[in-house]
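*Asks:* Build me a model:
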Amino acid sequence: MLPANHPQRLIVADEVHARPSTSAFTPSRATHIALLVSAEDREQEFAHLQRLCAEYGVASPMAGTLQFSVQLGEITLKWERHGEFSGITLFVPGPGAAPFADSAVSLLPSGWLAGLPGQTLVAANALLIEADDGLLPSALLDEHFENNIAVGGEIGDGAGQAYTDFRIHEDGFSRFLILDRSFTPRQAGRMLQRLFEIEVYRVLALLALPVARAQAPRTRAIEQSLGALTAQIAAEDGAVADEALLHELTQLAAAVESSLATTEFRFNACIAYHALVSTRIEELRERRLPAVQPIGEFMTRRLGPAVSTCRHTLKRLHELSDRVAKVSGLLSTRVDITRERQNQALLASMERRTGLQLRLQQTVEGLSVAAIVYYASGLVGYLAKAGKAAHLPVDPDLVVGLALPVLFISVWMGLRRMHRKLHAADH
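*Replies:* Now for the predicted structure:
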């Protein structure tokens, strides 16, 4: 009943259902691992997951899958592939023997997790238990976070509470504690997913901070060099010096563009990940609890300045690139003007030489006229002498004298006619 589908219709329609949250029942444990996996290792990662499924005797994911969930005994495993990293989330029922001692990842086959390709970016354990109104939150937090300062508050409009210290503990994992008051399993799963994503996107955003710190002295050096070159440009007034300064400016421009090419992706990723952190915090619908700093406030005070540093560094590089381009343009214009003046002076010199050549040519032409008249009068004289020798009543001297004006006018008119024809041919 419908026209043919757009080639991307089903893909786009299913995108809103991609990466659904997994239901989490209280009490339970969860572990999330985020790995930076290179494009070359993606196939090896996928094969490693398939071997795990084969070991448990469950169906393996098909090639090209970007996310899948599978039940491995009592473990619920969820795997997702993102643009820059891969995420594995494990769910296990029950609170465990001791707080965070029996994590979900400990139930996997020995050595399987360490055999995954890539680098660990985030490793976090979460404990979902029922809220006990009779237990003071401070005592609970000290027990689970080893007396570290924890942040958190009510989430889900009061349906539960979430706490973390955002620290990596001795086991290599960070920790989240979720207290369930009235969560549904799907709501609890969504809250766990958001908390894990906050940690992952926080760390991904902060990957740009070391880049910004390393870039700061290089950017400062380029700015100082540009200032010195600008001062030289204002002081120098010579084509040779300008061309040397233009060469130095070109090197500065190359250095700035090289910095942008190697850092711009990381800085833009930082800004995008920070936006995702802010969105996930809003989705927690957090409420403040007495004497506990909320997660949103913690991120504003701790993550915000780092992201601002990265934003400022990126903006500084772009502004520096624009300044170098402007100074290069001004200097190029001055070099062009100097060259234009030199060309004009050269043309004026050529014009003067042409004028001199023309006057010399005219002088030579005058001498040529005299020479032609001289030789022609000699011929006339010979003819007159021949006539006198033939007993004709001819006076050779008189004939030559009368012929001179005629010869001169004829030769001069002939040269004028030749000049007009050459002038007409040139136009």
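
*Asks:* low-scoring stretches of this protein, by residue?
*Replies:* 17-19, 134-136, 236-240, 362, 364-366, 423, 426-427 (pLDDT under 70).

*Asks:* tell me the phi and psi of Ile168?
*Replies:* Torsion angles at Ile168 (phi, psi; degrees, to the nearest 10) stand at phi -90, psi 120.

*Asks:* how far does stretch 115-122 stretch from start to finish?
*Replies:* For stretch 115-122, the first and last residues are 16 Å from each other (CA to CA, to the nearest Å).

*Asks:* Name the residues of it that are buried.
*Replies:* Residues of stretch 115-122 classed as buried under the neighbour-count rule (16 or more other CB atoms under 10 Å) are Leu116, Pro117, Gly118, Leu121, Val122. Placement of C-beta: from N, CA and C, glycine included.

*Asks:* Which residue ranges of this protein form strands?
*Replies:* Taking DSSP state E, the strands of the chain run over residues 28-36, 67-72, 75-81, 86-93, 119-130, 151-155, 160-164, 174-180.

*Asks:* quick one on the thing from earlier: out of the buried residues of stretch 115-122, who's nearest Arg287?
*Replies:* Proximity of those to Arg287, judged by CB to CB, is greatest for Val122, which lies at 25.8 Å.

*Asks:* With adjacent residues omitted, what lies nearest to the closest one?
*Replies:* Closest residue to Val122 in three dimensions, ignoring its sequence neighbours and counting by CB to CB, 6 or more residues apart in numbering: Ala34, at 3.9 Å.

*Asks:* What residues does that neighbour make contact with?
*Replies:* With contact set as CB atoms under 8 Å, 6 or more residues apart in numbering, Ala34 has these partners: Phe85, Ser86, Gly87, Thr120, Leu121, Val122, Ala123, Val200, Val203.

*Asks:* Please produce TSV containing those residues, extended by distance to Leu331.
*Replies:* As requested, these are arranged in TSV below (distance: CB to CB, whole Å):
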residue	distance to Leu331
Phe85	45
Ser86	50
Gly87	51
Thr120	50
Leu121	46
Val122	49
Ala123	54
Val200	47
Val203	44
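
*Asks:* And those residues, which two are furthest apart?
*Replies:* Once CB to CB is applied, the contacts of Ala34 give Ser86 and Val203 as the farthest pair, at 14.2 Å.

*Asks:* who's more crowded, these two?
*Replies:* With other CB atoms under 10 Å as the criterion, Ser86 and Val203 differ in neighbour count, and Ser86 comes out ahead with 24 against 18.

*Asks:* Which of the strands of the chain sits closest to Leu358?
*Replies:* Evaluated over these, closeness to Leu358 peaks at strand 28-36, with 79.2 Å, by CB to CB.
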